[in-house]
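Trainee: next come a sequence and a model predicted from it.
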Amino acid sequence: MTKKFMFIFIVFSLLGLSACNNDNKDQKKPSVSSHQTNRNVDKTRKSHYETMAQIRAEMINKYQKQIPKQWGENVTGVKTRLATQEKVIALTFDACGGKRGSGYDKKLIDFLEKQKVSATLFINSRWIDSNKETFLSLAKNPLFEIENHGLLHRPLSVTGKSVWGIKGTANANEVVSEVLESAEKIKKLTGRKPKFFRSGTAYYDDVAVKIVNDLGEQPVNFNVLGDAGATYSAAQVKSALLSAKPGSIVICHMNQPIGETAEGVIQAISLLKRNGYRFVKLEDYNLK
């Protein structure tokens, strides 16, 4: 073999060796494994729980020694109307959950959808558990705004106060659970964090109200009692809604189909529309 051919042979051999080495490098290039993905998910989960624990610890440290001075539906800091004089009404419907509160007033919701009437739905965590598919359908409907009605539908207290035979949260830690755990469930299912909170029974003490605000939600009640826990007759519901003024927040219930709330709302809506009223969601306006 001449020197010239020997040189060419060596060059091509080296190029071939280099190509093989590159192929091997490509073959050995690491890829993201399912184990790595799981580790990343676990890390995110851990970070989430650490954040939750930190928030809880901060709230407890800040409020555990504070003594409430107010108790009721109209406590300082609880919003009861829209900050406007426009002829608008915010209809709000609670779904309380539990053994006697997990029904679904389909007649009421179907009417609102057919008439394109906007409303804010305060949903309790227990109601979601009993009506998950319905909840997801409501959450996707742009007519409705989903808000937080608590984990166990308890009055919001830092001292365990009771009302209507329902024992309230016992301390700051339980207040955080009632608000935050329900909010997390709603956010996980809808991708949207609630902006507003209404306690079970609509009762609060003033320290609990501060905790709700610190957790990033506004406590909201009402200035028109629409159906008194779905106990009103249709005529009483109609009369209550017709008493609404510009900027009113009305409370009714969507979890008691055996009641007469739907019929009363149906009778009132057409009259209110005729009087120039529009129906809006809470998030459409500032509250006061």
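Mentor: Structure received.
Trainee: what segments of the chain are strands?
Mentor: Assigned by DSSP state E, the strands in the chain fall at 71-72, 88-95, 119-123, 144-148, 162-163, 166-167, 196-197, 204-205, 218-219, 224-225, 248-253, 278-280.
Trainee: what's the closest of these to N61?
Mentor: Evaluated with Cβ to Cβ, the strands of the chain place strand 204-205 nearest to N61, the distance being 18.5 Å. Yep, even glycine has a C-beta here, placed from its N, CA and C like the rest.
Trainee: who are the packing partners of the closest one?
Mentor: Applying 3 or more Cβ pairs under 8 Å, 6 or more residues apart in numbering; DSSP states H and E, one finds that strand 204-205 contacts strand 71-72.
Trainee: if we can go back for a sec, most tightly surrounded among the strands of the chain?
Mentor: The highest mean neighbour count among those, using mean count of other Cβ atoms under 10 Å, belongs to strand 204-205: a mean of 30.
Trainee: now the strands of the chain as a markdown table including distance to N173?
Mentor: Output for those, formatted as a markdown table (distance: least, Cβ to Cβ, whole Å):
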| stretch | distance to N173 |
| --- | --- |
| strand 71-72 | 19 |
| strand 88-95 | 25 |
| strand 119-123 | 23 |
| strand 144-148 | 18 |
| strand 162-163 | 18 |
| strand 166-167 | 15 |
| strand 196-197 | 17 |
| strand 204-205 | 15 |
| strand 218-219 | 18 |
| strand 224-225 | 31 |
| strand 248-253 | 28 |
| strand 278-280 | 36 |
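Trainee: for L282, see how far away V265 is.
Mentor: 17 Å (Cβ to Cβ, to the nearest Å).
Trainee: compare those two (neighbour count), which wins?
Mentor: Neighbours per residue (other Cβ atoms under 10 Å) separate V265 from L282, with V265 holding more: 30 against 23.
Trainee: can you list the weak-confidence ranges in the stretch 1-150 of the chain?
Mentor: Applying pLDDT under 70 to the stretch 1-150 of the chain flags residues 1-49.
Trainee: how about 50 then?
Mentor: 1-32 (pLDDT under 50).
Trainee: double-check C252 against L91; I have them as touching.
Mentor: Yes. The pair C252 and L91 passes the contact test of Cβ atoms under 8 Å, sitting 7.0 Å apart.
Trainee: tell me, what's touching the two both at once?
Mentor: Common contacts of C252 and L91 (Cβ atoms under 8 Å, 6 or more residues apart in numbering): G226, V265.
Trainee: thinking again about what came up before, tell me which of the strands of the chain lies nearest to M52.
Mentor: Closest among the strands of the chain, using Cβ to Cβ: strand 144-148, at 15.6 Å.
Trainee: okay, and the beta partners of D94?
Mentor: Using DSSP bridges, the bridge partners assigned to D94 are F122, H253.
Trainee: ok now do it, which residues does it touch?
Mentor: F122, N124, H149, R198, I251, C252, H253, M254, N255.
Trainee: likewise for E181?
Mentor: S125, L151.
Trainee: next up, the contacts around E50.
Mentor: Applying Cβ under 8 Å, 6+ apart, no residues qualify as near E50.
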